[in-house]
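Asks: A predicted structure for the sequence below; I have some questions about it.
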Amino acid sequence: MTIKNKPSKRPVQRRKVLARTATAKRMLAPDRLLESLALNRSNSPFMAGIAGLQAALSLLAAIVLVRHSLWPELVAFPALGALAALFGRFAPLPKRHGIVWLCALQLTGAVFVTSLASFIGLSPAMVVLVVALVAALSTIAFSYWNLGGPGAVIIVFAAGAAMTPVDSWMMVVERTVATAGGGLVAWLITTSTDFLRLPALSKVPADTDNRRPLKNILIAGGRIGAGAAAAALIAYAAGWQHPSWAAIGATAVMQGGHLHITMHRALQRMAGTLFGSLLVWLILSADPPFWAIVTAIAVFQYITEIIIGFNYALGQITVTPMALLMTSLAMPAANGADMAIERVFDTMLGAILGIAFAVFFSTFDDRRYLATYHRARKSGRPAP
């Protein structure tokens with residue numbers, strides 16, 4: 001009786017390593033750096049302006065309403081819910097209303113889940129993993145329902161903002177209701193002002209269903225969840241005060257549709273965050289009053305929507321101060337300089353790990369598309 005030797009797995013593993021090594025080299029090619037510096041053509045600057053105006057008005061209205069209520073200490077949470085106004089800017093009017101509702105629901109759910117995790121006594125490391133789970137689930141939701149940009153990163157931002165300690169069930173409820181109220185404000189404002197989009201709606205590309213197969217959607221969600229978890233846990237282990245920012249960085253980088261876009265996003269996010277952190281440090285160093293911070297948040301939100309379509313890095317220059325100023329509303333005692341510095345390191349960590357996870361978990365189709373794209377760009381042919 002002869003015993004057949006089992007085929008060795010080493011050649012297969014070696015091919016996988018070589019394939020991913022070649023992919024990493026293509027992503028790190030100097031051309032990717034040059035491409036990340038290029039200015040894109042905006043689909044509709046007019047539509048971007050309307051979306052920016054709607055988002056800024058939603059933030060202002062939500063903050064003002066709660067500031068003058070019986071719960072002014074909750075002012076940051078309706079602002080999080082109001083971010084629902086960012087979504088669906090190119091969708092037809094009836095569909096846009098549904099998108100805003102779904103995104104408001106996700107923002108509210110993210111705040112509730114993270115606050116609940118803190119209330120029931122989970123360790124800080126476990127709460128960090130809850131934020132990573134939110135990243136995975138929201139990625140799946142955005143892909144499955146084809147909700148569009150700015151994507152799951154906004155939901156992860158809301159989850160991270162709710163990581164501050166919770167000492168009572170009532171606080172969980174108050175945070176959740178306040179966030180839902182901000183979402184309602186966003187829906188009311190977008191619904192009442194959406195007629196402003198009509199002149200430009202017919203001139204932008206039709207809203208198409210780009211939903212991928214469910215298997216691919218689940219893989220993408222798992223990949224982003226794993227990357228967000230790794231980034232946040234490393235930041236937590238390093239003793240950084242805001243590990244969720246690293247999770248946000250990984251999510252933002254990895255939600256690109258193709259590997260070369262992942263590389264562009266990483267480079268652009270790191271560069272934009274560096275300049276944006278310097279800007280917010282200058283603002284917070286002046287110890288501005290509450291309403292100056294609120295005004296700055298609204299202005300930065302409006303500017304972001306105008307410029308981010310031209311280059312993601314430009315948008316990060318204004319997104320970063322907006323995010324940190326919103327954080328300062330939730331944590332008034334936080335040191336502005338420390339927040340700005342940590343934001344840079346968190347973003348770099350998240351971006352680097354995002355690239356690593358994108359390459360490691362890439363599919364054959366991902367790598368093949370990048371190879372085709374790389375060859376086309378190298379030979380001067382139009383990219384696929």
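Replies: Right, received. Where do you want to start?
Asks: what stretches of the stretch 201-350 of the chain score poorly on pLDDT?
Replies: The stretch 201-350 of the chain contains residues with pLDDT under 70 at 204-211, 257, 332-337.
Asks: what residues does stretch 360-380 touch?
Replies: Stretch 360-380 is contacted by residues 19-20, 22-23, 26-27, 29, 31, 35, 216, 219, 222-223, 226, 258-260, 382-384 when judged by CB atoms under 8 Å, 6 or more residues apart in numbering. From N, CA and C alone the C-beta is placed, and that goes for glycine too.
Asks: Buried residues, that stretch. List them.
Replies: 361-362, 366-367, 369-370, 373-374, 377 (16 or more other CB atoms under 10 Å).
Asks: ok, back up a step: buried ones among the contacts of stretch 360-380?
Replies: Using 16+ other CB under 10 Å as the burial test, the contacts of stretch 360-380 include 19-20, 23, 26-27, 29, 35, 223, 226, 258-260 as buried.
Asks: which pair in the residues you listed spans the largest distance?
Replies: Farthest pair in the buried ones among the contacts of stretch 360-380 (CB to CB) is Glu35 and Ala226. Separation: 26.7 Å.
Asks: which intervals of the stretch 1-150 of the chain have sub-threshold pLDDT?
Replies: 1-10, 12, 15.
Asks: What are the boundaries of the helices in it?
Replies: 10-27, 30-37, 45-67, 76-82, 93-119, 124-144 (DSSP state H, counting those that start in this stretch).
Asks: now the angle from the longest one to helix 45-67?
Replies: To tie it back to what came earlier, the one meant is helix 93-119. Here helix 93-119 points in a direction 40 degrees away from that of helix 45-67 (axes from the mean of the first three to the mean of the last three CA atoms, to 10 degrees).
Asks: Buried residues, helix 93-119. List them.
Replies: 96-97, 99-104, 106-119.
Asks: Show me what it is packed up against.
Replies: helix 76-82, helix 124-144, helix 153-161, helix 169-193 (3 or more CB pairs under 8 Å, 6 or more residues apart in numbering; DSSP states H and E).
Asks: and what of the last one?
Replies: For helix 124-144, the elements it packs on are helix 93-119, helix 153-161, helix 214-237, helix 243-254, judged by 3+ CB pairs under 8 Å, 6+ apart.
Asks: any chance of these in a markdown table, plus distance to Ala56?
Replies: Supplementary listing: the helices and strands packed on helix 124-144 in a markdown table, determined by distance: least, CB to CB, whole Å:
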| stretch | distance to Ala56 |
| --- | --- |
| helix 93-119 | 15 |
| helix 153-161 | 15 |
| helix 214-237 | 28 |
| helix 243-254 | 21 |
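Asks: which one of those helices lies closest to Leu147?
Replies: With CB to CB as the yardstick, what comes closest out of the helices and strands packed on helix 124-144 is helix 93-119 (5.5 Å).
Asks: any idea of the angle the closest one forms with helix 169-193?
Replies: 170 degrees.
Asks: Helix 93-119 vs helix 124-144, what angle?
Replies: Using the same axes, to 10 degrees: helix 93-119 against helix 124-144 is 170 degrees.
Asks: now helix 93-119, how far from the centre of its chain.
Replies: How far helix 93-119 lies from its chain's middle: 14 Å, per CA atoms, centre = their mean, to the nearest Å.
Asks: got the angle for it vs helix 243-254?
Replies: 150 degrees.
Asks: What separation do you get for Ser192 and Leu93?
Replies: For Ser192, the distance to Leu93 (CB to CB, to the nearest Å) stands at 12 Å.
Asks: re the thing from before, any chance of the helices of the stretch 1-150 of the chain in JSON lines, plus distance to Leu279?
Replies: Below are these laid out as JSON lines (distance: least, CB to CB, whole Å):
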{"stretch": "helix 10-27", "distance to Leu279": "29"}
{"stretch": "helix 30-37", "distance to Leu279": "20"}
{"stretch": "helix 45-67", "distance to Leu279": "18"}
{"stretch": "helix 76-82", "distance to Leu279": "19"}
{"stretch": "helix 93-119", "distance to Leu279": "25"}
{"stretch": "helix 124-144", "distance to Leu279": "26"}
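Asks: To Pro165, which of those lies closest?
Replies: Smallest distance to Pro165 across the helices of the stretch 1-150 of the chain (CB to CB): 5.8 Å, for helix 93-119.
Asks: in this structure, which residue is closest to the centre?
Replies: Val153 (1.9 Å; CA atoms, centre = their mean).
Asks: can you count the residues close to the residue nearest to it when sequence neighbours are not counted?
Replies: Using CB to CB, 6 or more residues apart in numbering and skipping the chain neighbours, the partner closest in space to Val153 is Ala252 (4.4 Å). Neighbour count of Ala252, defined by other CB atoms under 10 Å: 30.
Asks: Good, we can wrap up now.
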